[in-house]
Every structure is written in structure tokens, then in C-alpha cells.
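**Student:** I would like to see how this sequence folds:
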Amino acid sequence: MKKLFSILAISAMSVMALAQGGNTGTGGSDGNYESLAARVLNLEKKTEGFNLFLNYAASYQMSEADGDWTSAFRAKQLRLEIKGQFGEHLSYRLRHRLNRSNVAMSEENFAKATDIMMLGWKFNDKFTLMAGKMCQFWGGFEFDENPMYIYQYSDMLDCLDNFLPGVALSVTPVPNQEFVLNVTNSYSGKFASEYGEGAVTAAGNLLQASDHPLSYIFNWNGNFADGMFATRWAVGTYTQAKNYRANMVYLGQCLTLPKFQWYFDYMGSFEGLDRLRIATGELGGVGYQTHVRYNSFVTKMRFDLGDGFQLMLKGMYETTGTKDLGKFRTALGYVGSLEYYPLKDQDLRFFLAYVGRKYSYKDAVNIPGYSTNRIELGFMFRIKAY
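**Tutor:** Take a look at the predicted model:
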């Protein structure tokens, strides 16, 4: 009992003081980092049934829009993560954002703050079943990276609601090749709370709720040449409203060398009803846009400079279009950061980062283009409390 209170005390201090691993799956690689409990209390861990992490990132930010600069200190991420495994079969994972609303959504009865609350049952080395609130199994490496490590998402992922309750069956027919069938809700809230009472399309057609608002995703994760080359591909379809569906494709590929990593993602969303709502928001007017096409290309490179320093460069190119207007919006993004890792036994990094965005529009829509800039100086710490 004394040890239990000591563990809880360390956890509480970690929260007040201030995953390596992806969004999908029941775990993820967390590295061989020493926990605070082991360092401070000299506790020897004897089970993998309980692992406690705090994902914390903060920075001083200077932001510019239309020539005006503003600055402030800002908490970028604060997520509690608990996960573990009991024996060879049962696992669980909880990830919760401590700086988001805890109001339960009308459809799923989870708060938006809860990213993941799921159980996994591993039947054998080939089959694993997962259930609960989870990150949908879309492909792409930007999508699956720990959100704490993302300085700026692409517009497409920034607007995507992808933490939803459902089930997933993972099949690994041969080592290093995984296939996942994932079925989840399409939305967190009920139709009326998502679109509003009496919602209509831009053409004036009344929108009606679907009887079965579900998403269906098929995901392939490949690993080749001892991890040197990897793929994260997925295709899926989901119901938006009665007589409206959307289809998405994610194609991610990653090259990993001893001192260099590079990934390239393509993401496409072809929406009967504007789910991401970028087009609807930009074009204005009454009602939701229909027959919207989003395309996103993201590339990211990471260089190990030695002595604890890493350089990261990221580029984004995205387009938005409708059936009537064609491609009317183009977004460019460019991100660079210099990171310093002072400790080998902790996932701690200090960084200086720059984020730039530029938006341009087709003349026919009469929307002026604009650009934004942001400079950040801060730190990220994935605290292994126990």
C-alpha cells in the first residue's frame, strides 16, 4: 500500500510540474527509458500491467498574420497515457487530454478529451481484436505519429475527427505484414449536434441523419528490409448523411537509415458532404458544400546531426475543390526545427521551430490569398512516471 501511494504521489507531482509510439494499436514503441518511480523511489518494476506516461509540450510562440506579430507562452500538449498488458492475451490503453473539455459527446458518450480507451485481445501471433474508443486506422506516417511531436499538421489532418469508438481486427499472416479491418462511428456526436437542426446543402437540399452512420477502413502496414522501408496504406468509406457518403485513401511510405529518416504521405478525401468543412467555411453562404475533393501531400525528413542534435524539415501541399468550381484553394506549408536531446535515458527535447503557411485562391471565388508565420522556442517531454 505504501508503494502504491508513492506511485500516485509521483504521478500527481508530474502533472503539477508542468508517446513515443503511434496513435493506432494498443501500444507503440516507448523506448527503454527510466521511469520517475524507479529513479526517485527506487521501485523495481515487476509487471507490464501498468505503464504511466505524461506527454507534455510547451513553448514561447511568436505568430504573424497580415504583418502583425503577437507572442505568448503556450501549452501545446498535455496528455495522460496509461497502458499495459496482462499475460499474453489482454492489453489496454487510455490516452486523455488534460487541457480539453470533459463534456461527453451526444453519440458516443465519450468526451473529446479522451483520445483512446480501448481493450485488446491477442488470440495468437496472427489475430488481435481491439474494441473501444480508438484512433481510426488510416494510413500515413503524419497521421500515426504521436501528436506531441507534430509542430503543425496538414490542414486535412487538422480538421479530421479520427478518435472514435469501434472495433478493429488485426491480422498478421507473416511477420512484418499487418492488415487491419476497422469499423467505427462516423461522428462523435449525433447528426443534429454535428450539422445543426434543419441543416441543408449549399443547393438548399435538406440533410437527414443516416440510420447507420459508420466508417469502414482497410489498412495495410508493411515492413521491409529489417525496417528500412515501411508502408502505411489505407482505404475507407463512411456514411455522412442519408444519401451522402465519403471515400478516403491514405498512402504513406517511410525510409529509415541510421542517421536519416524520410516519409512521404498522400491523403485524398472525396466527400459527398463536406466533412472537413474547409470548403464550406471558405466559400461561405448558407448550407454545406457537396461533392468536395481534398488532396494532401506531406513529406518530412529528419537528420541526426550527432551530439544530441537533430534537424527536421517538413513540407505540405494541399488542394481543395468542388464539382462546380474545380480546384479553388491551394495551401502550402513549410516547417523546420532544430532539436536538442540532452539525456539518453529520457525522451526530452528542446527545440527551435519555424512554421510557415501560404494560401491562394482561384480568381472566381474572390477570396484574397494570405500567409502566416510562427516561431517557437520550447520543449517536449514524454515523462515515463511509472
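
**Student:** assumed Ala282 was part of a strand.
**Tutor:** If you look again at residue 282, you'll see it is Glu, not Ala. No - counting by DSSP: H, G, I helix; E, B strand; the rest coil, Glu282 is located in no strand; its state is helix.

**Student:** so how far is Phe381 from it?
**Tutor:** Distance, Glu282 to Phe381, using CB to CB, to the nearest Å: 37 Å. Every residue, glycine included, has its C-beta placed from N, CA and C.

**Student:** looking at those two, which is more packed in?
**Tutor:** Phe381 (21 against 15; other CB atoms under 10 Å).

**Student:** need the pLDDT of the more buried one.
**Tutor:** The confidence metric pLDDT takes the value 95 at Phe381.

**Student:** pull the longest strand from the chain.
**Tutor:** strand 68-86 (DSSP state E).

**Student:** which stretches in the chain count as helices?
**Tutor:** For the chain, the helices defined by DSSP state H occupy 2-17, 36-41, 141-144, 155-158, 191-195, 278-283.

**Student:** for Ser269, list each beta-bridge partner.
**Tutor:** Legend: beta-bridge partners of Ser269 under DSSP bridges are Met248, Tyr294.

**Student:** who's in contact with it?
**Tutor:** Contacts for Ser269 were tallied using CB atoms under 8 Å, 6 or more residues apart in numbering; they are 156, 246-248, 275-276, 292-294.

**Student:** again, but for Pro147
**Tutor:** Contacts of Pro147 (CB under 8 Å, 6+ apart): 23, 55, 77, 79.

**Student:** how about 7 Å then?
**Tutor:** Gln77 (CB atoms under 7 Å, 6 or more residues apart in numbering).

**Student:** so which bits of stretch 76-85 are buried?
**Tutor:** 76-85 (16 or more other CB atoms under 10 Å).

**Student:** parallel or antiparallel, list what pairs with the longest strand of the chain.
**Tutor:** strand 51-65 (antiparallel), strand 90-97 (antiparallel).

**Student:** including mean pLDDT, distance to Tyr195 and mean neighbour count, could the ones you listed go into a markdown table?
**Tutor:** As requested, the strands paired with strand 68-86 are exported to a markdown table (pLDDT from 0 to 100; distance: least, CB to CB, whole Å; neighbours: other CB atoms under 10 Å):
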| stretch | mean pLDDT | distance to Tyr195 | mean neighbour count |
| --- | --- | --- | --- |
| strand 51-65 | 94 | 29 | 19 |
| strand 90-97 | 94 | 24 | 20 |
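
**Student:** right, and those strands - which one's nearest Ser71?
**Tutor:** Nearest to Ser71 among the strands paired with strand 68-86 is strand 51-65; the distance by CB to CB comes to 4.5 Å.

**Student:** distance from that closest one to the middle of the chain?
**Tutor:** 15 Å (CA atoms, centre = their mean, to the nearest Å).

**Student:** quick one: end-to-end distance for stretch 334-354.
**Tutor:** 8 Å (CA to CA, to the nearest Å).

**Student:** avg pLDDT for it?
**Tutor:** 96.

**Student:** residues contacting Tyr263?
**Tutor:** Taking CB under 7 Å, 6+ apart as the test, what Tyr263 contacts is 141, 252-254, 300.

**Student:** how many neighbours does the residue nearest to Trp121 when sequence neighbours are not counted have?
**Tutor:** Spatial nearest neighbour of Trp121, chain neighbours left out: Leu129 (5.0 Å); criterion: CB to CB, 6 or more residues apart in numbering. Leu129 is flanked by 13 other residues according to other CB under 10 Å.

**Student:** pretty sure Gly356 sits against Tyr334.
**Tutor:** Yes - in this structure Gly356 lies within contact range of Tyr334 using CB atoms under 7 Å: 4.9 Å.

**Student:** follow-up on the earlier one: so what's the residue nearest to Trp121 bridging to?
**Tutor:** Bridge pairing for Leu129 - DSSP bridges - gives Trp121, Leu169.
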